[in-house]
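>>> Structure of the sequence below:
(one chain, ligands or ions: 1)
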Amino acid sequence: MPIEAFILNGPNLNLLGTREPGIYGSLTLADIEANCREKAAALGFSAVEFRQSNHEGVLVDWIQEAGRRGAGVVMNPGAYTHTSIALHDAIKGTGVPVIEVHISNVHARESFRHRSFVSPVAAGVIVGLGPLGYTLALEALAGLLKG
Ligand code: DQA
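Model (predicted):
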């Protein structure tokens, strides 16, 4: 059975590579996309949608699209992690399996980053392992989708 992954990135992740490299490292989002495509192919994903938006509603639309397509989601919601009831409701309402990823260890940073509205509705969470978190999340997602 074909399995499909949506890899969704929230606000400011388009700036990776130049954005606070001491926290987020030097890889660009395009580098992370290349790593994800290679890993997804090795895991047997038949299709990968790798996307980024700075807009909360667009991310909600994409979660709903993934749900309609029966895809799984790897998501770094960026700062919307800590604010977005809309993302929480979209994940809950579609029932789409989501692995939440954060490049940095949000729990070792400011207290406003300690709360996630996504984690309670995520299938799993990977935090603080850098860009490696994305490919680890794909591995976990493949396991979930293959049952
Ligand atoms: C982030 C952590 C968030 O707190 C922050 O707003 C981001 C990136 C991470 O990948 O470490 O934009 O999600």
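
>>> Around the ligand, which positions in this structure sit nearby?
By CB under 6 Å from any ligand atom, the part of the chain that sits against the ligand consists of 12, 76, 78-79, 81, 102-104, 106, 113. Every C-beta, even on glycine, is put in place using the N, C-alpha and C of the backbone.

>>> For the chain, just list every one of the helices.
Taking DSSP state H as the criterion, the chain carries its helices at 21-24, 29-43, 56-69, 85-94, 132-146.

>>> pLDDT at Val2, what is it?
One correction, residue 2 is Pro, not Val. Each residue has a pLDDT score; the one for Pro2 is 87.

>>> From Ala123, how far off is it?
Note on Pro2: its distance to Ala123, by CB to CB, to the nearest Å, is 19 Å.

>>> So those two - more neighbours on which side?
More neighbours surround Ala123 than the other of Pro2 and Ala123, with 17 against 10 (other CB atoms under 10 Å).

>>> show me the contacts for the nearest residue to Thr83 once chain neighbours are set aside.
Once flanking residues are discounted, Thr83 sits nearest to Phe117: 7.0 Å by CB to CB, 6 or more residues apart in numbering. Residues in contact with Phe117 (CB atoms under 8 Å, 6 or more residues apart in numbering) are 81-85, 87-88.

>>> Show the buried residues in those residues.
Among the contacts of Phe117, those classed as buried by 16 or more other CB atoms under 10 Å are 81-82, 84, 87-88.

>>> now those residues in JSON lines, with pLDDT?
Formatted as JSON lines, the buried ones among the contacts of Phe117 follow (pLDDT from 0 to 100):
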{"residue": "Thr81", "pLDDT": "98"}
{"residue": "His82", "pLDDT": "98"}
{"residue": "Ser84", "pLDDT": "98"}
{"residue": "Leu87", "pLDDT": "99"}
{"residue": "His88", "pLDDT": "98"}
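
>>> before we move on, the earlier item: show only the entries of the residues of the chain next to the ligand found in strands.
Using DSSP state E, 76, 102 are the members of those that sit in strands.
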